[in-house]
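1. only the shape, not the letters, is given here:
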């Protein structure tokens, strides 16, 4: 009887010490996990990362550290953790394969939020879609098109191709090609174009606009007209210039020819 009691007492002491050790590991491990997570969040704040991304990554780091602490506590209790780690790894791998598309979108979203190729309110062209960015999420980006449609674009499709950000710069250049007849006086044409540009207050003085002959085409002499405007004035100025040029050319007798072909008949 004494031997059984002594054996039980030994087991109790042994497991009691292990249990105390496991509790200490849990308490200290949780404290360290919180401190490391806070340090990581401070690092992200100093780098001015997106708040949503910072919170998500901070929670992810904390969960990962807590899992390690729990495994360490189980090991202190004497539980065989190698099989547990193997099962956890297999589960992680299975979840990764099942959610590979979402993980790809998450990775792309994290890169977008870190490197900021565009911001909310910018007009961009990406993933085959053009529109104003309304929200940048972890997995997708919400965009509003010119005809007021909302499109949720997966982040991987955005980062997988080229991104054109029309709002990144304060100014943009309007590129127009204006064709006139070979019979028209080029100096007169240029002067009328300069008058139109100088009469529009939205057109910037610096950089200076460009008006030059760009091509002697089959049916017309083509001139490039390249004024600079603020990005917010781009489309209104673009449309107004086309109308003003057509109206002014009609008033002063400058023709804008349409494609034509001269056919010469030869009698045999």
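-> Ah, there it is. Please read these numbers as outputs of a predicted model, since none were measured by experiment.
2. buried ones in stretch 105-121?
-> Counting neighbours by 16 or more other C-beta atoms under 10 Å, one finds that the buried residues in stretch 105-121 are 105-106, 108-110, 112-113, 118. Where you see a C-beta, it was placed from the backbone N, CA and C, and this is true even at glycine.
3. ugh, wrong one, I meant stretch 230-243
-> By neighbour count, and taking 16+ other C-beta under 10 Å as the criterion, the buried residues in stretch 230-243 are 233-234, 237, 241.
4. reformat these into TSV and put secondary structure next to each item.
-> Supplementary listing: the buried residues of stretch 230-243 in TSV, determined by DSSP: H, G, I helix; E, B strand; the rest coil:
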residue	secondary structure
233	helix
234	helix
237	helix
241	helix
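5. what is the nearest of those to residue 135?
-> Ranking these by separation from residue 135, with C-beta to C-beta as the measure, puts residue 234 on top at 23.8 Å.
6. what's the pLDDT at that closest one?
-> What the model reports as pLDDT for residue 234 is 93.
7. likewise for residue 9?
-> Looking at residue 9, its pLDDT is 53.
8. thinking again about what came up before, show me the buried residues of stretch 105-121 that map onto helices.
-> Restricting the buried residues of stretch 105-121 to those inside helices, with DSSP state H as the criterion, leaves 105-106, 108-110, 112-113.
9. from the buried residues of stretch 230-243, pick the one nearest residue 148.
-> Checking these against residue 148 by C-beta to C-beta gives residue 234 as the nearest, at 19.2 Å.
10. thinking again about what came up before, quick check: the two most widely separated of the buried residues of stretch 105-121?
-> Comparing all pairs in the buried residues of stretch 105-121 by C-beta to C-beta, the longest separation belongs to 106 and 118, at 18.0 Å.
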